[in-house]
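1. Here is the input, now give the coordinates:
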Amino acid sequence: MKSTPLKISGVLLLAALFAACASEKTLVLKNWQKKIDSVISVSPVPAGAETGQPGAESVSGSTVTVNSGQAKEESIPVTAETTVLPPVQAVKETSTGASCVSLKLGVVLPLSGELADYGKKAKKGIDLAVRLYNKENKTDISTVYNDSESKELLKNLAPWGAPETPIEEFYKEAASDEKMVGIIGPGPKTSAVNLAKLAGIYAVPTISPLASGSNKIKDAQYFYAAAVFPEDEGRNIAEFTVNVLKKKKTAVIYPKNNVYGTACAAAFKEEMLKLGGEVVREEAFEEGSYDFKEQMVNLGGIDPHVIKDTIAADKSNLESIIDKLVLQVRALLPEATEKKRNNIVLLAFTNTGRENELLADDFDFGRLISEKISYGLGKFKDTRLSKLAEVKEFVKKKGFDKAGLAKKFGAGIIISGAVSEKNPLSYNCRVTVEDLDRKSSAEVLFDFTASDKLVTNTYGLEAVYLPVSAYDAESLLSHLVFFELKVPYLGNSRLNDKKFIASVRQNEGELYFTAEFNAASNLPGAADFVRAYKSVYFEVPDYFSAAAYDTARIFLQAIAGGACSKEAVKTAVNNISTAGLVTGDITYDGTFLKKDLHIIGIKDKEVLELK
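-> Purely as a prediction, here's the structure:
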């Protein structure tokens, strides 16, 4: 019996220690919450609100309700002040006098499974948009999440007409909840068609930032796709080609076994025709190919191997060009007579940029032109030229010594020159005539074509559109250059790849492509978003975060305009003309949301943000 008090005391002591630890833990969590609230400055959810206490999540099946004050420790570690974006606009009063301060947005995203990374990135964008909006407008907009990849849902994804799925139950709840004015979703690879049907059946406005597919859904009264589709890609780059680059004659090379690339090509052609341009050639290939010779020739390109054979067999054009050059060089010489001739040393011309190459006789144009000029000038009786072989031997032994050359060959004039290859067809030649006696010099610069039987770019293309992957684009670009089709190249958002851009920057040429989102953008709205996102999540946002952020802002703009019901939100979206979205402006054309995409260019090895 004497040991009993000791046992009781031990229990009481243990309980006291546990209570102290729990109290300390609660204090730490409260301090953490205060730290987040001080940065995000979100108004706490009123006591008794359906979403629970501030900072809490209520989980039911595959649905997670998150209130406006909620901040999860693992997803939002805050140590720096968040950049606050400009408010969408001031919250307007509704006709009944009540303001839209405590509404809800439903969200359908893949928060588990193999697509969870995409869903979590999108969630971060949505959470940021709502928090910043609440801070600016002193509202309590909350979000209710539904995991589109939950095991329950996947088990029930049967053909339309099957028993109710959790996602349909989610729509039923949204329809009966007056405060839930719209739904954001679905994520990538989730059936947008089914969600579009549910949105129509339950009259819940739904905007999808990441809906997959090659075509937009038609006749969807309550469903809007804010994702990037082939129609947007083709239309945007065609508008840029005609209105900015001022190019109207184009060709398209597309992968016939890729639905997205084929749809981009069709949209580009359609828009080019609307704008008064044309697509004069269309070439298809199998995605993953490496030999595009057939396509290049069909586009009007010339195989350099054929060029060499033709030039070797046709010297008449070069002969006539050099005859004209001889007359131009003679015009720079001092007046002379048979008794007082011009004594000239003519050096063998160099091939600029090709000095270290072993050139075949037919393509050593430096040697050919200097020999023919020597022969042409030598026909005139008032001119005396030193032998090229002797001059070459002197230079080899003594180096390029003007005074030595003049003394050795008794010359008062030195002629030198350099030939540079512009491409396998076209060259230019610079001839310098230096008068040592008068201490003066003059130059002749002219372009010439090695053969008049060869013409590249026979269709007069001004630009070529490549709606292809970055992998295929690298091979196609090298082929286009090799086959002398050197025009501005155009691409789609699949080229917005860091490694690909770095590779293209190493080469000459012009490339322009659409971009879903540009994290390096200097445009005010996009740059502000990136700063705000980085200050909260300590990482650079990607397209999934940016697209979801923009979609949330579309709903928030409707709410700010006084749309406090589902029908009012639907009307607001139908009249949308939104500027300042980070993935590009959006307008509603009566059928679809149309995106105005970023355009990125690479010219003179520099990356440019053009739109």
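2. now the nearest residue to residue 443 once chain neighbours are set aside, what's its secondary structure?
-> Once flanking residues are discounted, residue 443 sits nearest to residue 432: 5.2 Å by C-beta to C-beta, 6 or more residues apart in numbering. Any C-beta I mention is one placed from the backbone N, CA and C, and that applies to glycine too. Secondary structure for residue 432, judged by DSSP: H, G, I helix; E, B strand; the rest coil, is strand.
3. residue contacts, residue 432?
-> By C-beta atoms under 8 Å, 6 or more residues apart in numbering, the contact list for residue 432 reads 415-417, 441-443.
4. Could you give the number of residues near the residue lying closest to residue 365 once chain neighbours are set aside?
-> Distances taken as C-beta to C-beta, 6+ apart put residue 419 closest to residue 365, at 4.7 Å, once the chain neighbours are dropped. Other residues lying near residue 419 total 23 when counted by other C-beta atoms under 10 Å.
5. what's the offset of the helix or strand residue 419 falls within from the middle of its chain?
-> If you go by DSSP states H and E, residue 419 is part of strand 413-421. Mean-position distance between strand 413-421 and its chain equals 44 Å (C-alpha atoms, centre = their mean, to the nearest Å).
6. now swap in stretch 386-394 and tell me
-> Chain-centre distance of stretch 386-394: 57 Å, with C-alpha atoms, centre = their mean.
7. what comes up buried for it?
-> Residues of stretch 386-394 classed as buried: 386, 388, 391, 394 (neighbour count, 16 or more other C-beta atoms under 10 Å).
8. how near is the residue nearest to residue 443 to residue 441?
-> Counting by C-beta to C-beta, to the nearest Å, the separation of residue 432 from residue 441 is 6 Å.
9. Please, a ChimeraX command that selects the buried ones among the contacts of residue 432?
-> To isolate the buried members of those in ChimeraX, using 16+ other C-beta under 10 Å:
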select :415,416,417
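10. related to what we said a few turns ago, show the pLDDT at the residue nearest to residue 443.
-> pLDDT for residue 432: 92.
11. got it, and residue 227?
-> On the pLDDT scale, residue 227 gets 82.
12. do residue 512 as well
-> 95.
13. repeat for residue 104
-> So residue 104 comes in at 93 (pLDDT).
14. wait, it sits on residue 178?
-> No - counting by C-beta atoms under 8 Å, residue 178 is not a contact partner of residue 104; they are 9.5 Å apart.
15. If you count surrounding residues, which of these two has more?
-> When neighbours are counted by other C-beta under 10 Å, residue 104 comes out ahead of the other of residue 104 and residue 178, with 24 against 11.
16. Nearest residue to the more buried one in space, please, no chain neighbours.
-> residue 180 (4.3 Å).
17. Was I right to think that neighbour contacts residue 170?
-> No - the criterion here is C-beta under 8 Å, and residue 180 misses it with residue 170 at 9.8 Å.
18. Quick check on residue 429: phi, psi?
-> Main-chain dihedrals, residue 429, degrees, to the nearest 10: phi -130, psi 130.
19. residues in contact with it?
-> Residue 429 makes contact with 325, 349, 365, 369, 417-420, 444-446, 448 under the criterion C-beta under 8 Å, 6+ apart.
20. Tell me how far it lies from residue 418.
-> Distance, residue 429 to residue 418, by C-beta to C-beta: 7 Å.
21. any common contacting residues for these two?
-> Taking C-beta under 8 Å, 6+ apart as the criterion, residue 429 and residue 418 both touch residue 349.
22. Tell me how many other residues crowd residue 324.
-> As a burial measure, residue 324 scores 11 neighbours (other C-beta under 10 Å).
23. Need the pLDDT of the residue nearest to residue 104.
-> 93.
24. and what of residue 164?
-> Model confidence at residue 164 (pLDDT) stands at 50.
25. where exactly do the helices run in the stretch 251-400 of the chain?
-> Ranges of helices in the stretch 251-400 of the chain, per DSSP state H, counting those that start in this stretch, are 259-274, 293-298, 304-313, 316-330, 365-378, 388-398.
26. between those, which gets the lowest average pLDDT?
-> helix 304-313 (a mean of 66).
27. shaky segments in the stretch 501-611 of the chain?
-> Within the stretch 501-611 of the chain, the stretches with pLDDT under 70 are 578-580.
28. List only those of the contacts of residue 429 flagged as buried.
-> Judged by 16+ other C-beta under 10 Å, buried ones among the contacts of residue 429: 325, 349, 365, 369, 417-419, 444, 448.
29. Take those residues and lay them out in TSV including distance to residue 283.
-> Putting those into TSV (distance: C-beta to C-beta, whole Å) gives the following:
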residue	distance to residue 283
325	40
349	40
365	33
369	38
417	41
418	38
419	34
444	42
448	32
